[in-house]
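# Sequence plus the predicted model coming up.
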Amino acid sequence: MAPHFPVNKFSTNGQEPSDYDRQAVMITNQIGMEEKSQQLDEDFAVVEPKDEECAVERLHHLTKIVTEFQDHLRERASNQLGHPGNHNCSHYLALSTLLQYNINNVGDPFKESNYGLHTKKFEVSVLDWFAQLWGIDKDEYWGYVTNGGTEGNLHGILMGRELLPNGILYTSQESHYSMLKIARMYRMDCETIASLATGEMDCNDLQDKLLMNKDRPAIINVTIGTTFKGAVDDLDLVVQTLIDSGFSDNQFYIHCDAAMSGLVVPFLKQVTKFTFKKPIGSVSISGHKFLGCPMPCGVLLTRRKYIKLISRNIEYIATCDSTIAGSRNGHSPIFMWYVLNIKGWKGLKQDVEKCLKNARYLRHHLKKAGISSMLNETSVTVVFERPQDSEFIRHWQLQCLGSMAHVVVMPHVTIEMLDRFLYDLIRKRNIWHGTLHPPCLAEDMGICNCACPVHARKHMN
Ligand SMILES: *Cc1c(COP(=O)(O)O)cnc(C)c1O
């Protein structure tokens, strides 16, 4: 039988215990750190069933481990602030009976394959919903439910490259790491564009680099919600820059990476509108981030007229291969369909408004406490001075970059959570810095957001 461990036994082994989990400290003191790690590994091992062990006993044992793991997940979700995932997932329990079917949406969503257990009807309904959101008619678009933002980016950039084989990929330095990976995978020449302090693409730099490469087509990645600062690139300005630099319609392709904020910006008035009415070729949106599907997924939309470029008939699955993956998750489309039906446009808008309000609450209190911080107007990502304590970072599951960290205020993040976080941060920060001055973050987030002694005097009132 598995011994009883505190909830954080499922974390990476060998980590120092903290005051967040006194039980862990107790256990560690009892058995010692090394011994604990070893025992935990054994707990998770795949073990050959013993002959003398009856099946019921074994199931009981496995269920116990899974139940304890669930406690761990509950605790981790209640302190999850740094990653852009929505953890309000309990409504999906209604779909748990679907787990007894091996569902697979292999191939093109608009064409049935010879595999009968699929959710393509749900998938197409989800795509229709997103197509409407992105202003493209039913018979004009093509798309599919992906395995996440990266797969959508892979598909969008592939489309751009097939249309413009000699094209150069332009992407900002704040764009997602998948972009540079894609450039490597596809062996594309890539120009990295500088960004402003807000995290937005610097279109002056874009223009300079376009003009240096006037003889080759441009494949541009526009990020809608950058990974670290939640910045939204200005699509209209990008298009204008292309025109000003002498690129005509058939010399550029724009892919929108909306993994992060694709379900935030459509509800805001203060941004340029993202729509296929403008000269974009594709968009990738995540389903597990703001929408909160419990498994990685997303949506890729493009123009129907482009898809023949990459689609191939495959005889033995009796459908077209037009997606990056072969076998595709058949559960995620129905999960997306379910949550879109539960929330509707109105419910999603309420989520967005709540998150913006909560993000502003956090930013206000950080600023009040004299902590360097920034929040873009159209974003739910609050960037602030990097905490000095790795245990604090682990506990709140923060993402850090250089001297910055961020909190992504997703729908599961409540004011109560933010208050706990602020209390913890402000109390510990006194210990980290003591009488030392906090660092200057003017270069990272702009002078007006910096609370170092030099800049604070000028701006923090
Ligand atoms: C999260 C994210 C991605 C990647 O999404 P995955 O689902 O992790 O593949 C791509 N771009 C941006 C801007 C993101 O925030």
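Received it, and whenever you're ready, just let me know what you need. Residues are numbered from 1 along each chain as shown.

# give me phi/psi at the nearest residue to S322 once chain neighbours are set aside?
Take S322 and drop its neighbours on the chain: the residue closest to it by Cβ to Cβ, 6 or more residues apart in numbering is S311, 3.8 Å away. To be clear about C-beta, it is placed using only N, CA and C from the backbone, and glycine gets the same treatment. Torsion angles at S311 (phi, psi; degrees, to the nearest 10) stand at phi -80, psi 140.

# and S311, how many neighbours?
Residues near S311, counting by other Cβ atoms under 10 Å, number 17.

# Could I get the contacting residues of it?
D108, C320, D321, S322 (Cβ atoms under 8 Å, 6 or more residues apart in numbering).

# Quickly note the distance from it to R420.
51 Å (Cβ to Cβ, to the nearest Å).

# L117 now?
Taking Cβ to Cβ, one finds L117 at 44 Å from R420.

# Quick check on the two: which one has the bigger neighbour count.
The neighbour comparison of L117 against R420 (other Cβ under 10 Å) goes to R420, with 15 against 10.

# can I assume that one sits in a helix?
Yes: applying DSSP: H, G, I helix; E, B strand; the rest coil, one finds R420 inside a helix.

# OK, contacts around it?
Applying Cβ under 8 Å, 6+ apart, no residues contact R420.

# distance of it from S78?
Note on R420: its distance to S78, by Cβ to Cβ, is 9 Å.

# Also Y170?
Y170 is 41 Å from S78, by Cβ to Cβ.

# Near the ligand, which residues of the chain? Just list them.
148-150, 176, 178, 223, 225, 227, 257, 259-260, 286, 296, 298 (Cβ under 6 Å from any ligand atom).

# tally of neighbours for V407?
V407 has 29 neighbouring residues, counting by other Cβ under 10 Å.

# That one in helix, strand or coil?
Assignment for V407 (three-state DSSP): strand.

# Distance of it relative to L81?
The value you get for V407 to L81, if Cβ to Cβ is used, is 5 Å.

# still on that earlier bit, greatest separation within the contacts of S311: which pair is it?
D108 and D321 (7.5 Å; Cβ to Cβ).

# what are the phi and psi angles of K273?
phi -80, psi 140.

# Could you pull up the residues touching it?
Counting by Cβ under 8 Å, 6+ apart, K273 touches G135.

# now for the helix or strand that contains E123, which elements pack on it?
Assigned by DSSP states H and E, E123 falls within helix 120-133. If contacts are counted by 3 or more Cβ pairs under 8 Å, 6 or more residues apart in numbering; DSSP states H and E, helix 120-133 sits against strand 141-146, strand 298-303, helix 331-368.

# Of these, which stretch is the most buried?
Of all these, strand 141-146 has the most neighbours on average by mean count of other Cβ atoms under 10 Å, namely a mean of 28.

# immediately after that strand, which helix or strand?
helix 149-163.

# now the angle from the helix or strand that comes right after that following helix to helix 149-163?
On the C-terminal side of helix 149-163, the closest following helix or strand by DSSP H and E is strand 168-172. Between strand 168-172 and helix 149-163, the angle comes out at 150 degrees (axes from the mean of the first three to the mean of the last three Cα atoms, to 10 degrees).

# Walk me through which strands strand 168-172 pairs with, and which way each runs.
Taking DSSP bridges as the criterion, strand 168-172 forms sheet pairs with strand 190-193 (parallel), strand 218-223 (parallel).

# which residues touch whichever helix or strand comes after the first one?
This means strand 190-193. For strand 190-193, the succeeding helix or strand toward the C-terminus, using DSSP H and E, is helix 203-212. By Cβ under 8 Å, 6+ apart, the list of residues contacting helix 203-212 from outside reads 170, 191, 193-194, 218, 220, 234, 237-238, 240-242, 244-245, 247.

# Which residues belonging to helix 203-212 are considered buried?
C203, D205, L206, Q207, K209, L210 (16 or more other Cβ atoms under 10 Å).
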